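Trainee: Quick one: sequence plus predicted model below, questions after.
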Amino acid sequence: MNYIPSLKYENGQLTIIDQTRLPVETIWLPIHDLNTACEAIVALRVRGAPAIGVMAALSAIVVFRNSVKAGEAASVERFLEICNTLRKTRPTAVNLFYAMDRMSAKAAGLEGLAADELQQQLEAEAVAIYREDVELCDAIGRHGATLIKEGATVLTHCNTGSLATAGRGTALGAIYTAFFEEAKKIKVINTETRPLLQGARLTSYELVTAGIPTTLITDSMAAMVMKQRRVDLVMVGADRIARNGDSANKIGTLALSILAKHYGIPFYVLAPSTTIDTTIADGSAIVIEERTADEVRSFGERRTAPANVNVFNPAFDVAPAELISGIVTEKGVFHGPYDFR
Ligand code: MRU
């Protein structure tokens, strides 16, 4: 099947689909400069942990190349500055830091190279991060699909598909694999995912486009559908996984993990190893992004609450390892106690 891409890198040009406009319109946004790249990540025009990392790596090289064309020196120092600015866009998804660490380490080893050679080698590294993510998704899809039985209904949250990665996705990647490559007759229940509706806007769009049967529910309906035994398993992605398996993901994931435990429904987290942060022992060290109050005071373009009401708007929460039935990476399905090193 052809997945809806999150970005394209062709002939040295980077473009992303502006996900804030989906599903109403598909607008391709060119990325030429650092401001546009950073704004696109902050505004969630590109989002999803793996996609953010890949896009940041490709942006770094495009921005560097354009700044050299504009007369700046092709110095490693300048490249590291670009990476450091990109790092400041979003704090939770570790894939961004993985990509920037990798690009920075590559650059640090290239000190003294001529401009052309420096740019070529950095481009090769960014393209490698891009291609590897496609392969990571394929492998996660294969392992994840083994958990989905014929006829199963999978509940998923937020968007973890091709729009969230460079490939077919993680949790949604497993669903694509089970449906298309294993011809399993499966169904999906996908949550709306307030406040920014990644589930309603993006996951529904991906699944409807792919022809996979899905039913959209509001976040608060999850308990009801689980109680009614309409869900066989839950599959979600992650933005950062600690060494002990505690997994940060879109706000609402913690509630789903508690509900799944209560109703005896398997709860799986699917993510590439680039989402595992081996520097932190558990989820208490994960920085949770807090976003602007207006995202909660409104629904789309329309304000739905008093402009001066107090708001708490964490973008992510952490599902504790003990509520997770298994973590699926490109290396296989892991069960607790986890010790990712
Ligand atoms: O704020 P977002 O849309 O970037 O949050 C995305 C998620 O929480 C995803 O579930 C996660 O990044 C995994 S994407 C494969």
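Mentor: Arrived safely. Numbering: from 1, shown residues only.

Trainee: Can you name the residue of the stretch 151-300 of the chain nearest the ligand?
Mentor: When you check the stretch 151-300 of the chain against the ligand by Cβ to the nearest ligand atom, the closest residue turns out to be Gly237, at 2.8 Å. Glycine gets a C-beta too; all of them are placed from N, C-alpha and C.

Trainee: so the closest residue in space to that residue that isn't next to it in sequence is in which element?
Mentor: Spatially, and ignoring its direct neighbours in sequence, Gly237 is nearest to Thr160 (3.5 Å; Cβ to Cβ, 6 or more residues apart in numbering). Using DSSP states H and E, no element contains Thr160; it sits outside every helix and strand.

Trainee: And for Glu81, the neighbour number?
Mentor: Per other Cβ atoms under 10 Å, the neighbour tally for Glu81 reads 14.

Trainee: other SSEs contacting the strand or helix carrying it?
Mentor: Taking DSSP H and E as the criterion, the element that holds Glu81 is helix 76-87. Taking 3 or more Cβ pairs under 8 Å, 6 or more residues apart in numbering; DSSP states H and E as contact, the helices and strands that helix 76-87 lies on are helix 34-42, helix 49-69, helix 94-108, helix 115-145.

Trainee: Serialize these to JSON lines and add fields for distance to Glu181, mean pLDDT and mean neighbour count.
Mentor: JSON lines is the format used below for the helices and strands packed on helix 76-87 (distance: least, Cβ to Cβ, whole Å; pLDDT from 0 to 100; neighbours: other Cβ atoms under 10 Å):
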{"stretch": "helix 34-42", "distance to Glu181": "32", "mean pLDDT": "98", "mean neighbour count": "18"}
{"stretch": "helix 49-69", "distance to Glu181": "20", "mean pLDDT": "97", "mean neighbour count": "25"}
{"stretch": "helix 94-108", "distance to Glu181": "25", "mean pLDDT": "98", "mean neighbour count": "21"}
{"stretch": "helix 115-145", "distance to Glu181": "7", "mean pLDDT": "97", "mean neighbour count": "19"}
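
Trainee: Would you reformat those as TSV and include distance to the ligand?
Mentor: Output for those, formatted as TSV (distance: least, Cβ to the nearest ligand atom, whole Å):
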stretch	distance to the ligand
helix 34-42	9
helix 49-69	4
helix 94-108	8
helix 115-145	8
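
Trainee: For these, could you give me CSV that also reports distance to Pro266?
Mentor: Formatted as CSV, the entries for those read as follows, by distance: least, Cβ to Cβ, whole Å:
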stretch, distance to Pro266
helix 34-42, 33
helix 49-69, 22
helix 94-108, 25
helix 115-145, 12
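
Trainee: Could you list the paired strands of the least confident helix or strand in the chain by mean pLDDT along with their orientation?
Mentor: Least confident helix or strand of the chain, by mean pLDDT, DSSP states H and E, is strand 298-299 with a mean of 93. Taking DSSP bridges as the criterion, strand 298-299 sits next to strand 302-303 (antiparallel) in its sheet.

Trainee: Which residue is the nearest non-sequential neighbour of the residue most central in space within the chain?
Mentor: With the centre of the chain defined as its mean C-alpha position, the nearest residue by Cα atoms, centre = their mean is Gly48, 2.2 Å away. Closest residue to Gly48 apart from its sequence neighbours, by Cβ to Cβ, 6+ apart: Ala164 at 2.4 Å.

Trainee: Identify the residues contacting the one you found.
Mentor: For Ala164, the residues meeting the contact criterion (Cβ atoms under 8 Å, 6 or more residues apart in numbering) are 6, 47-51, 158, 170, 172, 202, 237.

Trainee: again, 7 Å this time
Mentor: 6, 47-48, 50-51, 237 (Cβ atoms under 7 Å, 6 or more residues apart in numbering).

Trainee: go on, Asn249?
Mentor: Contacts of Asn249 were listed using Cβ under 7 Å, 6+ apart, and they are 158, 236-239, 316, 319.

Trainee: burial of Gly112, as a residue count?
Mentor: Residues lying near Gly112 (other Cβ under 10 Å) number 7.

Trainee: quick one: it is in a helix?
Mentor: No - with the criterion set as DSSP: H, G, I helix; E, B strand; the rest coil, the secondary structure at Gly112 is coil rather than a helix.

Trainee: Use 61 as the first number from now on
Mentor: Sure thing, new numbering starts at 61, so read that last one as Gly172.

Trainee: Next, it: phi, psi?
Mentor: Backbone dihedrals for Gly172, given as degrees, to the nearest 10, come out at phi 90, psi -10.

Trainee: could you measure it against Val136, distance?
Mentor: Counting by Cβ to Cβ, to the nearest Å, the separation of Gly172 from Val136 is 8 Å.

Trainee: One more: Glu183?
Mentor: 15 Å.

Trainee: for Ala341, helix, strand, or coil?
Mentor: Under three-state DSSP, the three-state class of Ala341 is coil.

Trainee: Please list all residues in contact with it.
Mentor: Going by Cβ under 7 Å, 6+ apart, Ala341 touches 302-304.

Trainee: and Tyr63, how many residues sit next to it?
Mentor: Using other Cβ under 10 Å, Tyr63 is surrounded by 21 other residues.
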